[in-house]
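J.: the following block contains a protein sequence and its predicted model.
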Amino acid sequence: QDFRNACSHSIVVGLFTDKGEQALPQISQVCHQAPGGSGAYTMCFHGLGHGILAFADYDLEKAIKICQQTGQTEPAQCISGTIMEIISGGDHDKTLWSKMRQKYLFVNNPFYPCSADFMPEIGKQLCFNYLTPYLWEAVGANINNPTESDFSKSFALCRQISEKNPEYQDSCYGGFGKEFTSLSQNKDIRRIDQMSNQQFLQVYKWCELAQDIKGVDACLSQALSSIFWGGENNRTASIRFCKIISNPQSQKNCFLNLIGQVSFYIKDAQIRQSFCQEIPTQFELECKKRLT
C-alpha cells in the first residue's frame, strides 16, 4: 500500500495480458480483493484501463469497447484509465503511443475524446475529469511543470462546456483539484496526508484561479477526495484542508463534502463519532445527524 493501488493495477493488467478478454470475470473477482477500502475496487478497474489500452495497441476506440464488457459500473473507471494512458502513458511502446495519440488528442478540440461518438455515456464524466493534463498541453504548457498562467488558461476551457451538461463542467474543474494535490508536493502521492498547511493553501490558491465559484468548489471537492483517499489517509489532513479555506460558503461545502465521504467510506461507529468531535463545532450537529 506504500504505492497506493499500483500493486492491484499490475496484477489485473498481467492477468489480462495473459488471458485476454476471457479474464474479465476473474479480474472482477480479483479487484474485490484489492487491498484498501471500498475505493480500492474501482481504482483496480482504473488500472486495468491503462493496460487494456496498451493491449489494444493504443487504439482508444477498441480499448473502450473492451472496458464496456467489465460490468455495469466498472466501465467508467476502466475508461478513465484509458484516457489517462493516452494522455501521459505509452511506457509499453512509446513510438506506437506517440503515433496513436495524434488520432485522439487535438489542441483545437481538446475535449474530443470525451465527445467522440465512440465514447459511451457512462464514460463521459470521468473522461472530462481525467483530461486535465491535456488541457494544460492544449494551452501550451509543459504538462510536467505547468504554471499558474497555464492553469488560468486551461480553466477557461472548462467554461466552454455547455451548461446543459453541468456534471461535465464540474468534472472538468474537478480534475484540476485532483492534479493540484499531487503537483503541490512534486507528485509524491505517498505522503498526501502529510502535506503542510502551506501546501494546502497553495492548492486552494490554484483552485481559485477557476474564478467561477462553482468551478472553485468543484476543484476543492476533488482535491479533498484525493486528500481523504477513500478513508485510507489520516483524516486530520482532510480536516486541516477544509479549515484553511477562507471563503465561508466554500469551507462549509468542503466540510459537508467531507462528512459525506466519511458516511460513504467509513462504517466503524466509533471512528464516525470521533470524527464528528474533531471538526469545527458549527458542523458538528450535521455530522452527528448523518453519521451517528
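T.: Thanks, I have it.
J.: only C-alpha atoms from now on, for both contacts and neighbour counts.
T.: Will do.
J.: which ones are touching residue 219?
T.: Contact analysis of residue 219 by C-alpha atoms under 8 Å, 6 or more residues apart in numbering lists 173, 174, 175, 176, 177, 178, 207.
J.: okay, now the first one: neighbour count?
T.: Counted with other C-alpha atoms under 10 Å, the burial measure for residue 173 works out to 32 neighbours.
J.: give me the element it is part of.
T.: helix 166-183 (DSSP states H and E).
J.: show me the contact partners of that helix.
T.: Residues contacting helix 166-183 (C-alpha under 8 Å, 6+ apart): 124-126, 128-132, 155, 158-159, 161-163, 187-189, 192, 200, 203, 206-207, 210, 214-216, 218-227.
J.: same question for stretch 149-160.
T.: Contacts of stretch 149-160 (C-alpha under 8 Å, 6+ apart): 135, 136, 138, 139, 140, 141, 169, 172, 173, 206, 209, 210.
J.: swap the cut-off to 10 Å and go again
T.: Identification of contacts with stretch 149-160 by C-alpha atoms under 10 Å, 6 or more residues apart in numbering yields 110-111, 128, 132-143, 148, 168-174, 176, 206-212, 215-216.
J.: are any of these buried, and which?
T.: With burial judged by 16 or more other C-alpha atoms under 10 Å, the buried subset of those is 110-111, 128, 132-139, 141, 143, 168-174, 176, 206-210, 215-216.
J.: just those: which are in strands?
T.: Counted as lying in strands by DSSP state E, out of those, is not a single one.
J.: low-confidence ranges in the chain?
T.: 1-4 (pLDDT under 70).
J.: quick one: the helices in the stretch 1-150 of the chain, in order.
T.: 6-19, 24-32, 39-55, 60-67, 74-88, 94-101, 112-115, 121-130, 132-138, 148-158 (DSSP state H, counting those that start in this stretch).
J.: thanks a lot, catch you later.
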